[in-house]
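**Student:** prediction below, plus the sequence it came from.
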There are 2 protein chains.
Amino acid sequence: MSRDRDLTRVGAALAAPARAVFVNLLLDGTARPAGELGRAAGVRASTASEHLGVLVDAGLVTCEKRGRHRYYALAGPDVASAVEALGSVADSLPVTSLRRSREAHRLGAARFCYDHLAGRLAVALVDAWTDGGWLRDRDALALTDTGAAGFRELGVDVDGAVRTRRPTTRVCLDWTERRLHLSGALGAAVASRFVEAGWVTRHASGRGVAVTSAGRDLLQGAWGIAA
Amino acid sequence: MSRDRDLTRVGAALAAPARAVFVNLLLDGTARPAGELGRAAGVRASTASEHLGVLVDAGLVTCEKRGRHRYYALAGPDVASAVEALGSVADSLPVTSLRRSREAHRLGAARFCYDHLAGRLAVALVDAWTDGGWLRDRDALALTDTGAAGFRELGVDVDGAVRTRRPTTRVCLDWTERRLHLSGALGAAVASRFVEAGWVTRHASGRGVAVTSAGRDLLQGAWGIAA
DNA sequence: CAGACGTTTCGGCGTGCGCCGCACGATTCC
DNA sequence: GGAATCGTGCGGCGCACGCCGAAACGTCTG
């Protein structure tokens, strides 16, 4: 059957080192010009262009022209979660280098996964919100009335998140913690509020996230999380 | 960072047509000998052997020796869901052939996804169970007390499903319907009960599933589903 | 309008890998 | 024991693809 064909196309799209770098960079949900991506992966502009063409053909990445730049971004949240899921199985492989484990540890603390928070911070938040009755069922996160009120009080645009066509809550498997964390429209709304309120700051480039002192106070005070 | 390296390894593992056939065949959760897989993919035994070695190295597939056979199977449920997620993005690509759309339609009605039901049947069941109060929240399925009682009455081993380390409920994105269906330990328990009770029968080889007349009666009578 | 910059397209080169046939080890059956 | 079957390892062949440099296109700037 020819579904295999499609699977090979998507698999092959991820098979080249340069393309894997691209996808990992775009996992934070940003859109970046071709040149920057190529420089990050250590290949010439022409090579980067070809690779990006492959990713677009495979449906993993979209391209938007703006002026003389072309901004590339992941095609959507489901692409991000598919890549994360793939990374999750890849992560069970034996560790290959020390750098990797250091890097993994740093990102494992807190990071962006496309448009929501991931890592130990995200897992701790889910635990706190479940214990506090904001979310139901640790395995299948659903928003409660208490939670809607609580998030609203934090300044999260709960109503906007509910209105979109996208599922309100969604679970995403963490490739470092091998635990579930909050994704979906609500996950995105929470994450953007955390950034907007200055509780966390995104690392200049990449997916890393640092908790600010204001954020530390909130986490400790509201939910007893030591970050 | 060298997580890219792992991603390429998993991606490359899926990049070869023969290996994609293997993985798709194993998506139904069965373990199959190397020879059978090779024949199905239309390659020689030696080629199949090499491919299976690659899949094992990539952590996607496990190998178990039994007698003079070696049985290969998917490494676990998370591999299955990762592959399904990947198939889901692949599915949004333009249709390439008529055969594909026919095949897709047949599998789209009802099929096995590793160890649980998928396809239009599974989506309809989730709708019915949510409407009936057996599961909470269409986006983030969680088992209610009513649901536990109901499934128990159907003969589903609910208690066994809850006891395992595996999450009781889990959602899985359908690559045909682009809707969520029930996965996790409960999803597996339900599926095995459906087969055991003779409500559905699995196609001799592959993931296809046919609803029996007894199954049709149950679906229509209990939940008003026309199958 | 020329010039700079970002990006894509096009040959061309080299490596990697998917395929095979054949040979060999392991296991089962007679 | 020998024969048959299942599986793996090893050369070898050929294509596909990742990489580059050079050239062309489009866009912004002076």
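**Tutor:** Looks like it came in fine. Everything numeric in this text was worked out from a predicted model, so none of it was measured. Numbering: from 1, shown residues only, chains lettered A, B, ... in the order given.
**Student:** quick check: closest non-adjacent residue to A:A75.
**Tutor:** A:T62 (5.1 Å; Cβ to Cβ, 6 or more residues apart in numbering or on different chains). Using the backbone N, CA and C atoms, a C-beta is placed for each residue, glycine as well.
**Student:** please name the bridge partners of that neighbour.
**Tutor:** Taking DSSP bridges as the rule, A:T62 bridges to A:A73.
**Student:** residues contacting the most centrally placed residue in chain A?
**Tutor:** Residue closest to the average C-alpha location in chain A (Cα atoms, centre = their mean): A:C113, at 0.8 Å. Shown in contact with A:C113 (Cβ atoms under 8 Å, 6 or more residues apart in numbering or on different chains): A:27-28, A:80, A:84, A:172, A:183, A:207.
**Student:** can you tell me which of those end up in helices?
**Tutor:** Using DSSP state H, A:80, A:84 are the members of those that sit in helices.
**Student:** helices and strands of chain A: which one has the lowest mean pLDDT?
**Tutor:** helix A:98-109 (a mean of 61; mean pLDDT, DSSP states H and E).
**Student:** residue contacts, A:L117?
**Tutor:** Counting by Cβ under 8 Å, 6+ apart, A:L117 touches A:110-111, A:125, A:181-182, A:187, A:190-191, A:194, A:200, A:209.
**Student:** now the residue in chain A positioned nearest to DNA strand C. Nearest residue, chain neighbours left out?
**Tutor:** DNA strand C sits closest to A:G35 of chain A, with a gap of 2.6 Å, by Cβ to the nearest atom of the strand. Sequence neighbours aside, A:A45 is the residue nearest to A:G35 in space, at 5.7 Å (criterion: Cβ to Cβ, 6+ apart).
**Student:** before we move on, what about A:R170?
**Tutor:** A:G184 (3.2 Å).
**Student:** that neighbour and A:V190, how far apart?
**Tutor:** 10 Å (Cβ to Cβ, to the nearest Å).
**Student:** same deal with A:L74?
**Tutor:** Taken as Cβ to Cβ, the span from A:L74 to A:V190 is 19 Å.
**Student:** secondary structure class for the residue of chain A closest to DNA strand C?
**Tutor:** Put simply, A:G35 is helix when judged by DSSP: H, G, I helix; E, B strand; the rest coil.
**Student:** which residues of chain A score low on pLDDT?
**Tutor:** Across chain A, the ranges flagged by pLDDT under 70 are A:1-5, A:90-106, A:174-178, A:204-206.
**Student:** mind listing the strands for chain A?
**Tutor:** Ranges of strands in chain A, per DSSP state E, are A:32-33, A:61-66, A:69-74, A:111-113, A:116-118, A:135-136, A:142-143, A:170-173, A:180-183, A:200-202, A:209-211.
**Student:** so which of those is the most surrounded?
**Tutor:** Neighbour counts (mean count of other Cβ atoms under 10 Å in any protein chain shown) averaged over each of these peak at strand A:116-118, with a mean of 27.
**Student:** okay, now the sheet partners of that strand, with direction.
**Tutor:** strand A:111-113 (antiparallel).
**Student:** and the end-to-end length of stretch A:32-50?
**Tutor:** 16 Å (Cα to Cα, to the nearest Å).
**Student:** and that stretch, how far from the chain's centre?
**Tutor:** 22 Å (Cα atoms, centre = their mean, to the nearest Å).
**Student:** same check on stretch A:159-177?
**Tutor:** Between the centre of stretch A:159-177 and the centre of its chain there are 11 Å (Cα atoms, centre = their mean).
**Student:** send me that stretch as CSV with only the CA atoms.
**Tutor:** Output of stretch A:159-177 as CSV, limited to C-alpha atoms (Å, rounded to 0.1, in the frame of the first residue of the first chain):
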residue,chain,number,x,y,z
ASP,A,159,-11.7,32.0,26.6
GLY,A,160,-9.6,32.6,23.5
ALA,A,161,-8.0,29.2,23.9
VAL,A,162,-11.4,27.5,24.1
ARG,A,163,-12.8,29.3,21.1
THR,A,164,-10.2,28.1,18.6
ARG,A,165,-10.7,25.1,16.4
ARG,A,166,-7.7,23.5,18.1
PRO,A,167,-8.4,21.1,21.0
THR,A,168,-8.3,23.0,24.2
THR,A,169,-6.1,20.6,26.1
ARG,A,170,-3.8,18.1,24.6
VAL,A,171,-1.1,15.9,26.2
CYS,A,172,2.4,15.8,24.8
LEU,A,173,4.9,13.2,25.7
ASP,A,174,8.1,14.7,27.1
TRP,A,175,11.2,13.2,25.5
THR,A,176,13.3,13.9,28.5
GLU,A,177,11.0,13.1,31.4
